[in-house]
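Novice: fold the following and give me the result.
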Amino acid sequence: MALTKNDIVARVHDLGFTKKKSIDIVEDLLEIIKENLEDGNDVLISGFGKFCVKDKKARRGRNPATGDDLMLRERKVVTFKCSGKLRDRINSF
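Specialist: As a prediction, the model looks like this:
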């Protein structure tokens, strides 16, 4: 089961914030992360992990439906590397 934005808002609401304030907190946090990634900055959340923007070079690809060869353009992708603490916590079960 996936954790949704609404689930996160509900957990923040459980901390004692109003529903509106909870939504604002979550939206603002996600916006800060998005803005930094758009600017090419890494986002490091201690004890959780690091979001990085990586450059992908142009490469040859194939359309799986038709089998036609094509060139995929260069692009940027977001990667995530979890922290050692998170990795240990996940593997402790």
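
Novice: and for residue 22, the neighbour number?
Specialist: Residue 22: 19 surrounding residues under other Cβ atoms under 10 Å. For the C-beta atoms, the positions are set from N, CA and C on the backbone; glycine is no exception.

Novice: now the element after the longest helix seen in the chain, going C-ward?
Specialist: Selection of the longest helix in the chain by residue count, based on DSSP state H, yields helix 19-38. Per DSSP states H and E, the first helix or strand lying C-terminal to helix 19-38 is strand 43-45.

Novice: give me the mean pLDDT for that following strand.
Specialist: Strand 43-45 carries an average pLDDT of 97.

Novice: cool, and stretch 74-89?
Specialist: So the average pLDDT for stretch 74-89 ends up being 96.

Novice: quick one: end-to-end distance for that stretch.
Specialist: One end of stretch 74-89 to the other measures 36 Å (Cα to Cα, to the nearest Å).

Novice: ok, now stretch 12-26?
Specialist: Start-to-end, stretch 12-26 (Cα to Cα) is 8 Å.

Novice: dump the residue contacts of residue 69.
Specialist: Contacts for residue 69 (Cβ atoms under 8 Å, 6 or more residues apart in numbering) come out as 60, 61, 62.

Novice: dump these to a markdown table, plus distance to residue 37 and neighbour count.
Specialist: Below are the contacts of residue 69 laid out as a markdown table (distance: Cβ to Cβ, whole Å; neighbours: other Cβ atoms under 10 Å):
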| residue | distance to residue 37 | neighbour count |
| --- | --- | --- |
| 60 | 27 | 8 |
| 61 | 24 | 12 |
| 62 | 29 | 11 |
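
Novice: adding pLDDT and secondary structure as columns, could you present the residues you listed in TSV?
Specialist: Shown next, in TSV, are the contacts of residue 69 (pLDDT from 0 to 100; DSSP: H, G, I helix; E, B strand; the rest coil):
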residue	pLDDT	secondary structure
60	94	strand
61	93	strand
62	94	strand
